[in-house]
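> sequence and computational prediction follow.
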Amino acid sequence: MRRSSGWRGSAMTETATNEVPLGIQLTPLNPEYQRDPFSLLDRVREAGRVIWDEQFGRWLVARFEDVHAILNDRDLLVDPRKANDKSFNAMFRQRLLGEDREPSMLCQDPPAHTRLRGLVSKAFTPRAIERMRPRIEEIANELCDRVEGQERFDLMTAFCQPYPTIVIAEMLGVDPKDQADFKRWTDDSVAAGFDPFASEEVRQRAMRAGEELQAYLRRVIAERRAEPRDDLITAMLRAEENGDFLNDEEVLSMIGLLLAAGNVTTTDLLGNGMKNLLQHPDQAQLLRERPELIENAVEEMLRYEGPVTFSGRIVPDDRVIAGCPMQKGDSITVALGGANYDPRLHKDPHKFDVTREDIDHVAFGGGRRYCLGAPLARLEAQIGVRVLLERFPTMRLAQQELKWKRVPGFRGLEELWVEV
């Protein structure tokens, strides 16, 4: 069964003098990488502890012990404004932040990050998430009802995409009559933000949707200040620590982070997980026969093909990391997918096994930046997978070629056609 990410291996003494093996392109534009990033990351991981990626001007780390240590290093930074101009992070600075905009909590360093996370944690509690369990199950069944009787449908459009959006909308207290607009605004605004190759038309639509969504949420925040309710927005407005509260713009930023990072990753966790179950029908049947394995199965889904493949850190000063001398402002990219396939930790890492024991993974990151929404994502995945397997016992893949999103650092399907 799953255990916390506290593994420690034997100390490694290799030096980091290697570069990315010739011919490997770790980009979604590479068809080989899109088909199977994990085999390419195997080659990177075995080439050395720390690998220099000349193409993107970054250090790559893919061994579990080193990835775990870097994720838990409290000195390392994430604010892309602190990266060297030639580093990988600088490429995304304008896109993520613009010149004047403050970064979201995801891209902030202490003390700002510590303050925001402390306040938000008081609202986004495990108890609040657990209270949603019955309603999450209802939502999963309602989505299945919509495709009942259809012989063939796209599981991403029918279930994996709307499911987490509806859940978070209800947690936020979005009025049912507004949920269709809320989903459209969310889908359109997130589409361009997570696709650096989006067309100008998609970008313009995303900009308009983002403006409409922000205007709507500002109205809701104002309403909750005047008339509090039992929802997540009210909880964030009420969250207090030593007399400190979140202001309206900070609440708005946190909602945006939940919608972008939370919805997309949960959608891809479900899509990837169901794809792997359908590609391994013996494992799907085992889950139907032994539903008590569902929690373990979700951890294996996270390890085997989690929604986030890379995470970044920035070196705060000249220092040695994982045996490699680095300079202030250098960018480190940790390959979460490579670490989760490290044979030093997992036997037969390329085998999808819902009964795997002692599953350890870094799919949710680690340290002070461990994913705040992990309990909700786990609960949604456990309920969603179980309901789908129960409602559609003969579900099978209806396509041979899979189409993956072209989003750096993420792993998710454009569509997943199934027959039932």
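Yep, that arrived. Residues are numbered from 1 along each chain as shown.
> helices of the stretch 151-300 of the chain, start to end?
Counting by DSSP state H, counting those that start in this stretch, the stretch 151-300 of the chain has helices at residues 155, 162-172, 179-193, 200-226, 232-238, 248-257, 263-279, 281-289, 294-305.
> where among the ones you listed is average confidence lowest?
Out of the helices of the stretch 151-300 of the chain, helix 179-193 stands lowest, with a mean of 81 (criterion: mean pLDDT).
> other SSEs contacting that one?
With contacts taken as 3 or more Cβ pairs under 8 Å, 6 or more residues apart in numbering; DSSP states H and E, helix 179-193 sits against helix 162-172, helix 200-226, helix 263-279. In this view, the C-beta of every residue, glycine as well, is placed from N, C-alpha and C.
> got the angle between the strand or helix carrying Thr114 and helix 248-257?
Under the criterion of DSSP states H and E, Thr114 resides in helix 112-123. With axes from the mean of the first three to the mean of the last three Cα atoms, to 10 degrees defining the directions, helix 112-123 sits at 80 degrees from helix 248-257.
> what about helix 112-123, distance to the chain center?
19 Å (Cα atoms, centre = their mean, to the nearest Å).
> quick one: average pLDDT of the helix or strand that comes right after it?
Later in the chain than helix 112-123, the nearest helix or strand by DSSP H and E is helix 126-130. Per-residue pLDDT over helix 126-130 has a mean of 89.
> show the contacting residues for His280.
Neighbouring residues of His280 by Cβ atoms under 8 Å, 6 or more residues apart in numbering: Phe352.
> please report phi then psi for it.
Backbone geometry at His280, expressed as degrees, to the nearest 10, gives phi -130, psi 70.
> Leu372 belongs to a helix, doesn't it?
No. Using DSSP: H, G, I helix; E, B strand; the rest coil, the secondary structure at Leu372 is coil, not a helix.
> now the helices and strands packed on helix 179-193 in TSV, with distance to Arg406?
Converted to TSV, the helices and strands packed on helix 179-193 look like this (distance: least, Cβ to Cβ, whole Å):
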stretch	distance to Arg406
helix 162-172	21
helix 200-226	12
helix 263-279	13
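> turn those into JSON lines, columns for mean neighbour count and distance to Asp109.
Compiled in JSON lines, the helices and strands packed on helix 179-193 are given as follows (neighbours: other Cβ atoms under 10 Å; distance: least, Cβ to Cβ, whole Å):
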{"stretch": "helix 162-172", "mean neighbour count": "22", "distance to Asp109": "26"}
{"stretch": "helix 200-226", "mean neighbour count": "15", "distance to Asp109": "25"}
{"stretch": "helix 263-279", "mean neighbour count": "23", "distance to Asp109": "22"}
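> how about the ones you listed, which one is nearest Thr125?
helix 162-172 (11.6 Å; Cβ to Cβ).
> give me the residues contacting that closest one.
Here helix 162-172 makes contact (Cβ under 8 Å, 6+ apart) with 128, 132, 135-136, 139-140, 143, 179, 182-183, 186-187, 220, 231-233, 255, 258-259, 262-263, 266-267, 270, 376, 380, 384.
> give me the buried subset of those residues.
For these, a burial check counting by 16 or more other Cβ atoms under 10 Å picks out 128, 132, 136, 139-140, 143, 182-183, 186-187, 220, 231-233, 255, 258-259, 262-263, 266-267, 270, 376, 380, 384.
> great, nothing more from me.
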